[in-house]
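1. Got a predicted structure plus its sequence, pasted below:
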Amino acid sequence: MKSKPPKWDPKKGSQRIPASKRGTQESGRVMRSLLLSLIALLALCAYLLGLALLPMAHQAGRNTVDLDIEAGATVRQIIALAQEGGLEINATYVYWLFRLSGQAKDIKAGSYEIAQEVSPWDFLQKITRGDESLKSVTLVEGWTFHQFRNALNKSDGLKHDSAALSDEEILSRIATNGKTAEGRFYPDTYTFGKNTSDLKVLARAKKAMDHQLQKAWNERLPNLVLANPEEALILASIVEKETGMAKDRPMISSVFHNRLQIGMPLQTDPTVIYGLGQSFNGNLTKKDLKTDHPWNTYTRRGLPPTPIAMPGKAALNAALHPQSSRALYFVAKGDGSSYFSETLEEHNQAVNRYQRHLH
């Protein structure tokens with residue numbers, strides 16, 4: 001038989017709750033409190049994370065915001081610059097996002113373009129990665145240094161530090177040991193951040209040409225008539241200017257190698273045109289071919305004293321890997337390709353066929 005619980009006696013007062021039960025109740029309250037706090041913290045984190053991923057608006061009429069960050073700029077200064085540029089940003093939130101992320105010390109100086117739909121987190125990642133808004137300038141194979149300079153002067157975003165300098169002064173600034181600027185800069189597309197000096201672009205192009213020329217020279221065919229990398233650069237510039245179709249480069253190189261080998265004048269029009277400089281009006285005359293100057297390869301044997309253009313990688317390789325042949329002549333066929341001949345008689349026939357259209 002079960003015993004009945006004791007009746008409550010007002011004189012004796014209420015019965016005391018055992019200590020073990022009180023501990024359990026208190027533990028329950030603590031756990032509930034911790035759980036509620038955790039839920040609140042998670043909700044706060046979710047809210048803050050949502051803000052971090054929410055796209056920031058731009059002021060009306062602005063598609064992008066240009067932001068120039070200088071070395072040593074503080075987070076508050078960067079936020080102020082972004083606001084001045086037209087980015088509608090929660091300064092307090094973004095400040096603490098930068099701080100609490102631990103990445104504020106990783107911010108990199110540079111020029112950035114902040115597009116629409118960029119969130120505070122994207123913004124932080126962009127400037128800590130150094131993901132600058134880069135522009136580019138393309139320097140084309142076969143261009144002269146004069147044309148290189150014109151392209152740099154017209155390139156938006158560059159600091160035109162070279163504009164008032166002579167070619168010689170430019171060479172001095174970038175510490176090149178070349179005799180002239182012609183041929184010393186590698187044609188390629190160069191990217192740069194806003195307000196980069198054009199001298200830095202030229203220095204990169206010079207370094208790239210040094211590398212490509214030395215690599216091509218190291219891999220050259222044996223027993224070539226060329227004595228050094230300088231001569232290779234000069235010949236490569238001629239091959240570049242004479243080539244209408246890429247597949248013909250090794251054969252064009254072969255013709256010039258064969259002529260140099262037997263002491264025959266190169267007789268190449270692009271060198272004569274280069275020597276005429278700004279006086280050339282687009283029409284090369286017999287008088288021009290007979291007028292002697294250092295670049296006239298009709299009146300002088302051997303290579304001209306300097307390159308006549310900026311050769312690309314393919315022209316450098318062709319100059320040092322001529323195709324094996326006995327060809328001494330070539331003529332443009334009118335479709336970009338060339339016809340190669342071993343004898344003057346064959347060459348004259350090719351000229352009549354392809355240039356004079358006599359059959």
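-> Arrived safely, thanks for sending.
2. show me the residues around Gly85 that make contact.
-> Taking Cβ atoms under 8 Å, 6 or more residues apart in numbering, we find Gly85 in contact with 65-67, 114. Just so you know, the C-beta spots here come from the backbone N, C-alpha and C atoms, and that holds for glycine as well.
3. Select only the buried ones of the residues you listed in PyMOL?
-> In PyMOL, a selection of the buried entries from these looks like this (16 or more other Cβ atoms under 10 Å):
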select buried, resi 65+67+114
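4. now the contacts of Gly85 in TSV, with secondary structure, distance to Gly263 and pLDDT?
-> As requested, those are arranged in TSV below (DSSP: H, G, I helix; E, B strand; the rest coil; distance: Cβ to Cβ, whole Å; pLDDT from 0 to 100):
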residue	secondary structure	distance to Gly263	pLDDT
Val65	strand	65	79
Asp66	strand	60	79
Leu67	strand	63	81
Ile114	strand	64	81
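5. and the contacts of Gly85, which two are the farthest apart?
-> Asp66 and Ile114 (7.8 Å; Cβ to Cβ).
6. one step back: which one of the contacts of Gly85 is nearest Thr243?
-> Nearest to Thr243 among those is Asp66, at 41.6 Å by Cβ to Cβ.
7. Show me where the stretch 251-359 of the chain has its strands.
-> 329-332, 338-341 (DSSP state E, counting those that start in this stretch).
8. Which neighbours in the sheet does the first one have, and how are they oriented?
-> Read it as strand 329-332. strand 338-341 (antiparallel) (DSSP bridges).
9. The helix or strand containing Val239: how far from the chain's middle?
-> According to DSSP states H and E, Val239 maps onto helix 229-242. Centroid separation for helix 229-242 versus its chain: 25 Å, with Cα atoms, centre = their mean, to the nearest Å.
10. what do you get for stretch 277-289?
-> With Cα atoms, centre = their mean, you get 36 Å for stretch 277-289.
11. will you turn the contacts of Gly85 into CSV that also has distance to Ser162?
-> As requested, these are arranged in CSV below (distance: Cβ to Cβ, whole Å):
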residue, distance to Ser162
Val65, 30
Asp66, 24
Leu67, 27
Ile114, 30
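12. Considering the contacts of Gly85, which is situated nearest to Gly142?
-> Nearest to Gly142 among these: Asp66, at 34.7 Å, using Cβ to Cβ.
13. how long is stretch 333-351 end to end?
-> 9 Å (Cα to Cα, to the nearest Å).
14. Mind listing what's buried along it?
-> Applying 16+ other Cβ under 10 Å to stretch 333-351 flags 333, 337-341, 347, 350-351 as buried.
15. same question, stretch 195-206
-> By 16+ other Cβ under 10 Å, the buried positions in stretch 195-206 come out as 196, 198-206.
16. The stretch 201-350 of the chain: helices as residue ranges?
-> 229-242, 249-262, 269-276, 286-290, 313-320, 344-354 (DSSP state H, counting those that start in this stretch).
17. and of these, who's closest to Met31?
-> Closest to Met31 of these is helix 313-320 (Cβ to Cβ; 71.4 Å).
18. Show me what the closest one is packed against.
-> When contacts are defined as 3 or more Cβ pairs under 8 Å, 6 or more residues apart in numbering; DSSP states H and E, helix 313-320 sits against helix 198-218, helix 229-242, helix 249-262.
19. Tell me what angle that helix forms with helix 229-242.
-> Per axes from the mean of the first three to the mean of the last three Cα atoms, to 10 degrees, the angle that helix 313-320 makes with helix 229-242 is 120 degrees.
20. How far does helix 313-320 sit from its chain's centre?
-> Using Cα atoms, centre = their mean, the distance from the centre of helix 313-320 to the centre of the chain it belongs to is 22 Å.
21. Quick check, Gln355 in contact with Val331.
-> Yes. Under the contact definition of Cβ atoms under 8 Å, Gln355 touches Val331, with a separation of 6.3 Å.
22. Pull out the buried residues from stretch 168-187.
-> Along stretch 168-187, these residues count as buried under the neighbour rule (16+ other Cβ under 10 Å): 170-171, 174, 176, 178, 181-187.
23. What mean pLDDT does that stretch get?
-> Mean per-residue pLDDT for stretch 168-187: 86.
24. Start and end of that stretch, how far apart?
-> 20 Å.
25. got it, and stretch 184-202?
-> Using Cα to Cα, the end-to-end distance of stretch 184-202 comes out at 9 Å.
26. quick one: Gln147 from Asp269, how far?
-> Gln147 sits 18 Å away from Asp269, going by Cβ to Cβ, to the nearest Å.
27. repeat for Thr138
-> To Asp269, Thr138 is 26 Å away according to Cβ to Cβ.
28. With neighbour numbers in mind, choose between those two.
-> Just comparing Thr138 and Asp269: by other Cβ atoms under 10 Å the higher neighbour count belongs to Asp269, 14 against 11.
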